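S.K.: quick one: sequence plus predicted model below, questions after.
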Amino acid sequence: MDTLFKSFIDYFATNQKLSENTKAEICSHLSILNLGKKHVLIKEKQRHDFAYFVVKGAVRSYYLKDGVEVNTWFALENDMVGSLQNFRDNPSRETMELIENSTLVSINLKQVRPLMSSNIQIANFVNAIIEDYTLFLEDKIYFSQMMSSIDKYLILLDKEPQLFQRIPLTYIASFLGISRETLSRLRAK
């Protein structure tokens, strides 16, 4: 089993015992991708058959509002990237683009979904991934809806300072709901 695949499986199967056959079955639906900066993983209004685990790199998610990109979240190492809409075979609501050259574990949703009904270990494994991703999204919704832009900035600075070294300030400003100039003034204080 490839070490990146093992890392991915171990990351989500911490409270589960997966048989070697189940691990091998999961691995048969995984691929390793090395993709360049600006590569679009998932495009708004399109169906997509894959979800991704970020091994190395950074991803942003955004949608277009009146022709302007609105950044909704960023993913770094050990984060899942995908659309729950795609898991249901619906078009994505957002575009997901690499901010850095990245290494990803790609999961073929179309092939894995049917296995969930025939292998309880795979169903539990996929449910653990969905649960982790749902908690990630819930945190992002709370963060974006319940806090002022200044509070969001201060929390990012405290909890995720690496974002300011890795993510362009224009994207961070959009995520915070402020102009780049306002973000520059906040950073100067």
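M.R.: Looks like it came in fine.

S.K.: setting aside sequence neighbours, what's the nearest residue to residue 11?
M.R.: For residue 11, ignoring the flanking residues on the chain, the nearest one in space by CB to CB, 6 or more residues apart in numbering is residue 78 at 6.4 Å. For glycine as for every other residue, the C-beta is placed from the backbone atoms N, C-alpha and C.

S.K.: sec struct for that neighbour, please.
M.R.: With DSSP: H, G, I helix; E, B strand; the rest coil as the basis, the three-state label of residue 78 is coil.

S.K.: relative to residue 139, how far out is it?
M.R.: 15 Å (CB to CB, to the nearest Å).

S.K.: same deal with residue 124?
M.R.: 23 Å.

S.K.: which of these two has more neighbours?
M.R.: Ranked by neighbour count (other CB atoms under 10 Å), residue 124 and residue 139 place residue 124 first, with 17 against 11.

S.K.: contact partners for that one?
M.R.: Shown in contact with residue 124 (CB atoms under 8 Å, 6 or more residues apart in numbering): residue 16.

S.K.: cool, and the one 10 residues further on?
M.R.: Contact criterion CB under 8 Å, 6+ apart gives residue 84 as the residues in contact with residue 134.

S.K.: what about it, which helix or strand?
M.R.: helix 120-146 (DSSP states H and E).

S.K.: on that earlier part again, neighbours of the residue nearest to residue 11, how many?
M.R.: With other CB under 10 Å as criterion, residue 78 counts 12.

S.K.: who are the contact partners of it?
M.R.: Contacts of residue 78 (CB under 8 Å, 6+ apart): 11, 53-54.

S.K.: cool, and residue 37?
M.R.: Counting by CB under 8 Å, 6+ apart, residue 37 has contacts 98-102.

S.K.: mind checking which of the residues you listed are buried?
M.R.: Among the contacts of residue 37, the ones that count as buried by 16 or more other CB atoms under 10 Å are 98-100, 102.

S.K.: please name the bridge partners of the residue nearest to the spatial centre of the chain.
M.R.: Nearest to the geometric centre of the chain sits residue 81, at 2.5 Å (CA atoms, centre = their mean). On the basis of DSSP bridges, residue 81 is bridged to residue 52.
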